[in-house]
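> This is the structure alone, sequence omitted:
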Ligand SMILES: [Zn+2]
């Protein structure tokens, strides 16, 4: 076929061997060029990002505020990092103040006497009163309250100032506020030189009340007391009678005699260990709430109603709620 015939048939002149220019491709240079192009492109992107961050202030230390900003631009991977680090820093700040544990039970603390009722007193040689039971019980009672509150226990107080409250009102207050445990604080007194701490429990020797008394005495002993006089059932001078606060409270109760106000040894101990005794009593109260299955070990309430020491009650519950 001639060139003319080929052109007529195919519409273009024939390609003859040797007429094409052989193009040599330098693959090494191509690869280098592509790499350089990619690097330049990445550089430009990073530069744009840097400028954008500079404008929005995201280069500053990560904070909750910048995390909020980054939420507006969730596609920016850098801003997501800020969110995470901000979340971590928030978690750290809450870790410094751990969540307060809550013990789901209620205790009533009764600082004995008050107001016109001084309780037992001691006087100096001139007959001036130098120490009153009501002051010692209030000081200790407030310390017990503060400790229990710091532990997440709900505390009710029969008094927080120097005021007189009727014994029947103390019991009524305890019952009607659904207290699960009751602790009355007192100081003993005697003409002779006697020292020691004791716990007074209802004459019927109820198990729950005894547990409360034993736990408190054990903890006080661990701090250090002059003499453990143990549990006294009933009234100190008549085991068939009861202290009003043990007789008319429906929950487990104990009347603590925190040493003798007539004993220098006991007064020195109370002055030296007020905070320690408060913690000892507070811990014993928490332990008792666990021992009596009012709460579990985590403080979660098990009991559906107020804890009632039924074995010490002479009358139906209505009587005690309507004192
Ligand atoms: Zn007293």
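Everything's here; your move. Here the structure is a predicted model, which means the values were calculated and not measured.
> helix or strand for residue 174, which one?
Here residue 174, judged by DSSP states H and E, is contained in helix 167-176.
> Heading C-terminal from that helix, find the next helix or strand.
Per DSSP H and E, the helix or strand that comes after helix 167-176 is strand 181-188.
> Could you tell me the angle between the helix or strand following that following strand and strand 181-188?
Note on strand 181-188: by DSSP H and E, the next helix or strand toward the C-terminus is strand 197-201. Angle of strand 197-201 versus strand 181-188, following axes from the mean of the first three to the mean of the last three C-alpha atoms, to 10 degrees, is 130 degrees.
> Report whether strand 197-201 contacts the ion.
No. Strand 197-201 lies apart from the ion when judged by C-beta under 5 Å from the ion; the minimum separation is 10.2 Å. Any C-beta I mention is one placed from the backbone N, CA and C, and that applies to glycine too.
> ok, and what's touching that strand?
188, 209-210, 213-214, 216-217, 220, 225-236, 243, 246, 253-259, 266 (C-beta atoms under 8 Å, 6 or more residues apart in numbering).
> filter those residues to the buried ones?
The neighbour count (16 or more other C-beta atoms under 10 Å) marks 188, 209-210, 213-214, 216-217, 220, 225-227, 229, 231-235, 243, 246, 253-259, 266 as buried among the contacts of strand 197-201.
> the helices in the stretch 1-150 of the chain, which residues?
3-10, 27-56, 64-72, 77-96, 133-150 (DSSP state H, counting those that start in this stretch).
> Could you identify which of those has the lowest mean pLDDT?
Comparing mean pLDDT across the helices of the stretch 1-150 of the chain, the lowest value falls on helix 64-72: a mean of 35.
> right, and residue 148 touches residue 155 too?
Yes. If you go by C-beta atoms under 8 Å, residue 148 and residue 155 touch, sitting 4.8 Å apart.
> Mind listing the shared neighbours of the two?
107, 109.
> neighbour-wise, which of the two wins?
In terms of neighbours (other C-beta atoms under 10 Å), residue 148 is the more surrounded of residue 148 and residue 155; the figures are 22 against 19.
> Please list all residues in contact with the more buried one.
By C-beta under 8 Å, 6+ apart, the residues touching residue 148 are 107, 109, 155, 282, 285, 286.
> Look up how far residue 181 lies from it.
Taking C-beta to C-beta, to the nearest Å as the measure, residue 148 falls 11 Å from residue 181.
> intersection of neighbour lists for those two?
Taking C-beta under 8 Å, 6+ apart as the contact rule, residue 148 and residue 181 both touch 107, 285.
> which residues of the stretch 101-250 of the chain score low on pLDDT?
Filtered on pLDDT under 70, the stretch 101-250 of the chain yields no residues whatsoever.
> Output the residue of it whose distance to the ion is smallest.
Nearest to the ion, among the residues of the stretch 101-250 of the chain, is residue 186, at 3.4 Å (C-beta to the ion).
> Not counting sequence-adjacent ones, nearest residue to that residue?
With sequence-adjacent residues excluded and distances taken as C-beta to C-beta, 6 or more residues apart in numbering, residue 186 is closest to residue 112, at 4.1 Å.
> who's in contact with the residue nearest to residue 185 when sequence neighbours are not counted?
In this structure, residue 185 finds its nearest non-sequential neighbour in residue 137, 4.5 Å apart by C-beta to C-beta, 6+ apart. Contact analysis of residue 137 by C-beta under 8 Å, 6+ apart lists 111, 112, 113, 114, 119, 185, 186, 187, 258.
> at 6 Å instead, please
Contact analysis of residue 137 by C-beta atoms under 6 Å, 6 or more residues apart in numbering lists 111, 112, 185.
> quick check, distance from stretch 191-206 to the centre of its chain.
On the basis of C-alpha atoms, centre = their mean, to the nearest Å, stretch 191-206 sits 33 Å off its chain's mean C-alpha point.
> Same question for that stretch: list its buried residues.
Neighbour-count burial for stretch 191-206, counted by 16+ other C-beta under 10 Å, picks out 194, 195, 196, 197, 198, 199, 200, 201, 202, 203, 204, 206.
> What is the most widely separated pair among those?
Between any two of the buried residues of stretch 191-206, the greatest separation by C-beta to C-beta is 28.8 Å, found for 195 and 204.
> Spell out which residues of the stretch 1-150 of the chain are next to the ion.
112, 119.
> change it to 6 Å
By C-beta under 6 Å from the ion, the residues of the stretch 1-150 of the chain that approach the ion are 112, 113, 119, 133.
> From residue 187, how far out is the last one?
What that stands for is residue 133. As judged by C-beta to C-beta, residue 133 and residue 187 stand 4 Å apart.
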